[in-house]
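Trainee: quick one, structure for this:
(2 chains)
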Amino acid sequence: MAFYRSHILVSVDPECLQKGAHEIIDALNDELVRSGLLDEVQVLETSRLGDPHLYGPDIMVYPEGVHYVKLTKDDIPYLVEEHFLKGRVVGKYRAEEVSAAEEELGPPKPKEIRVVLRNCGKIDPENIEDYIAEDGYLALAKALTEMTPEEIISTIKTSGLRGRGGAGFPTGMKWEFTRKSEGDIKYIVCNADEGDPGAFMNRRVLESDPHSVIEGMIIAAYAIGARYGYIYCRAEYPIAVKRLQIGIQQARQLGLLGENILESGFSFDLEVRKGAGAFVCGEETALMASIEGARGEPRTRPPFPAVKGLWGKPTNINNVETYANVPQIILKGPEWFASMGTEKSKGTKTFTIAGDAVNTGIIEVPLGITLREIVYDVGGGIKDGREFKAIQTGGPMGGCLTKDHLDLKVDYETLAAAGSIMGSGGMVVMDDTTCMVDIARFFMEFTQDESCGKCIPCRVGTRRILEILERICDGKGKPEDLDTLEELCVQVKRNSLCGLGQGAPNPVISTLQNFRHEYEAHIYEKKCPAKVCRALISFTILSEVCTGCTVCARNCPVGAISGERRQPHLIDQDVCIRCGICAQVCNFNAIEIN
Amino acid sequence: MSVNVVDGIQVYNTVQKVIEKHGTHSEELVPILLDVNASLGYIPAEAVNLISQATKIPASTIESVASFYSMLSTKPRGKHVIKFCENAPCHVMGGYKVWRALLEAIGIEEGQTSADGKWTLATTSCLGACGVGPVMLVDDDLYGNVTAEQVPEILSRYK
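Mentor: Numbering: from 1, shown residues only, chains lettered A, B, ... in the order given. Take a look at the predicted model:
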């Protein structure tokens, strides 16, 4: 076999071919012959390297890993001479490190460790060979040929991996329960119904690295003895659904799914099920009801899915991130995984940062990192130099934590003790212009709307809580409201059937605890300290600042502003709807909010 | 133009085609309803009856499933469906102002269809594009970082 000092990979996907990729290959070969380098440099065809509309035709040069883009055949002689004869990288053809996805997932920020996200943006998610080149399906081969199901389960147990869907149940134990359950037919399900507002890390994994989830599921199926599996993906993620379907198809073609996988005698197949827009289907029993074709309503547990799941058969349900961790643990060993994180929460976790942070988007950090590090080091601090006020972790069922909590280490137990949850990992950062009563009302509006209506504490309780919060925001709060709220929260939390109702009061409980003075200001002083709640604020024009430019009067949608040109203007409080447009358009900061 | 109510033959043909694709097993109900909803814009009562005959699932059960999921509609919808994300990440990024601009531009309330049958205005749960909030979906087109000022221009792209 011949050895080459360099390899040139030319992208020959349809778009690049159309833009002349074959001419590039011919020109490269001609030029290598002319320079006498044909024995040293090999030209190969490969699949997509980057977005062909931005970059094509493009080539990748190894071992340097330099990506040259937007080439024409006339560029080749210069490129070969400079790069391969003189050994100088040609800057002008080199790709800039920008792509469309950068807005949500840029290069790793300080303190990030990427395990689940390692392939995101680096491989072509629609090409299984790209995944295999990054050691993809090596873990599956190892599991099927060198390990027994019991060894896999014990490896996962040793690693300390816990369910990344939010509850944090030890994954290895769950697998063991399902394996030991009586039943000839068992199922495996991936919960890809990522419905938490502000959480989109699972979408990113499914869109950018679907095979890591598929591989994790096959290993899990082998460990628990399942022959068939479902990925339940929400319909709001059409690209994720498409890439999973392509991935499953490709895995079948290579014999990684289907009968007698890798000639091990183990058979397993998989299909994607689309949701239809019901948040509660992220709850595992509701999710299974939805797969069975029924209304997605939860049922009581026990029996747990490990005993009675899909169609009454033992079923193992994990979420996307949990499965995506599995191949890495099998390959690198449980000790590697357990070396990251805290005593009880091992490994890394993906989070999304949304709201008022400088860097919003997806991050992956080792568990045990502090909230302060997440907000300031990874998130880059608060936008526009404003002040940090609160961070809400764990999605709509999480609690709002204050700056006093910033030094908490993020793991399942610590967040729960502070009155919040890990949840799926959505984090909303809020600055000092946020009204916490308004935020609590807002989350309650969400859970009230998404309550499936099956059990009364959740259906009626969330409605009543919302009504009280709306009243307070409207300036009609009564002194006894706070006690009623607290009691309602306890009842809803204690008596609801599933996690949705049990978690729904968390934003209210935590804001009542941490920002009680804001509630009191709304009720007793009829004031909204953050100047957000419309019923409690008024707009006035500072006559000494107003220049009489008439911009506000012209933009007021209800004609509430009057005044002569070059004379101070006046807002008629009875007509004003407090939309705030005047404050936005005023060039002299003459509008005061009280 | 009024709201598009589909005729019986179209319903029949669509249901036949969808059932052929998915089969008649009860677990296929949600995929069947999703496909019918996608082709017809909503799930008319005739379609519920036809699906019931084919799958032997009681029409009442189908109706209860169809009305449970927010992506399935049992009422006719406008030519273009706007789904506006009403969740916290978009809200804190100024989503409320965009929502008001939408209400004003089209002149209908949430869940309504405009009299000319052009628009249906709905809110949606998180679309998972929170990095670019506020976000709205017009038919299958996703718009991120939307401002109130952009609303008329975005709407004008749809005929």
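
Trainee: domain-wise, how is chain B divided?
Mentor: The record assigns chain B these domain ranges, following automatic domain parsing: B:8-68, B:80-156.

Trainee: okay if I get those as CSV plus mean neighbour count, distance to A:R441 and mean pLDDT?
Mentor: No exception for glycine: its C-beta is placed from N, CA and C like everyone else's. Shown next, in CSV, are the domains of chain B (neighbours: other C-beta atoms under 10 Å in any protein chain shown; distance: least, C-beta to C-beta, whole Å; pLDDT from 0 to 100):
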stretch, mean neighbour count, distance to A:R441, mean pLDDT
domain B:8-68, 17, 25, 94
domain B:80-156, 19, 11, 87
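
Trainee: just so I know, which of those lies nearest A:P52?
Mentor: domain B:80-156 (21.3 Å; C-beta to C-beta).

Trainee: just checking, what packs against the helix or strand containing B:Y12?
Mentor: In the assignment (DSSP states H and E), B:Y12 maps to helix B:8-22. If contacts are counted by 3 or more C-beta pairs under 8 Å, 6 or more residues apart in numbering or on different chains; DSSP states H and E, helix B:8-22 sits against helix B:29-40, helix B:45-55.

Trainee: relative to the whole chain's centre, how far out is it?
Mentor: Mean C-alpha position of helix B:8-22 versus that of the full chain (C-alpha atoms, centre = their mean, to the nearest Å) differs by 19 Å.

Trainee: that helix vs helix B:45-55, what angle?
Mentor: 40 degrees (axes from the mean of the first three to the mean of the last three C-alpha atoms, to 10 degrees).

Trainee: dump helix B:8-22 to CSV, keeping only the CA atoms.
Mentor: C-alpha atoms of helix B:8-22 as CSV (Å, rounded to 0.1, in the frame of the first residue of the first chain):
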residue,chain,number,x,y,z
GLY,B,8,-66.7,15.6,0.2
ILE,B,9,-64.8,14.1,-2.7
GLN,B,10,-61.6,15.7,-1.7
VAL,B,11,-62.0,14.5,1.8
TYR,B,12,-62.7,11.0,0.6
ASN,B,13,-59.7,10.8,-1.6
THR,B,14,-57.4,12.3,1.0
VAL,B,15,-58.5,9.8,3.7
GLN,B,16,-58.2,6.9,1.3
LYS,B,17,-54.6,7.9,0.4
VAL,B,18,-53.5,8.5,4.0
ILE,B,19,-55.0,5.2,5.2
GLU,B,20,-53.3,3.4,2.4
LYS,B,21,-50.0,4.9,3.5
HIS,B,22,-50.3,4.1,7.3
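
Trainee: output the helix or strand hosting A:I362 in PDB with nothing but the alpha carbons.
Mentor: Element membership for A:I362 (DSSP H and E) is strand A:361-366. Output of strand A:361-366 as PDB, limited to C-alpha atoms (Å, rounded to 0.1, in the frame of the first residue of the first chain):
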ATOM      1  CA  GLY A 361     -27.500  29.500  22.900                       C
ATOM      2  CA  ILE A 362     -26.500  25.900  23.700                       C
ATOM      3  CA  ILE A 363     -23.600  25.100  26.100                       C
ATOM      4  CA  GLU A 364     -22.300  21.800  27.500                       C
ATOM      5  CA  VAL A 365     -20.500  22.000  30.900                       C
ATOM      6  CA  PRO A 366     -19.500  19.500  33.500                       C
END
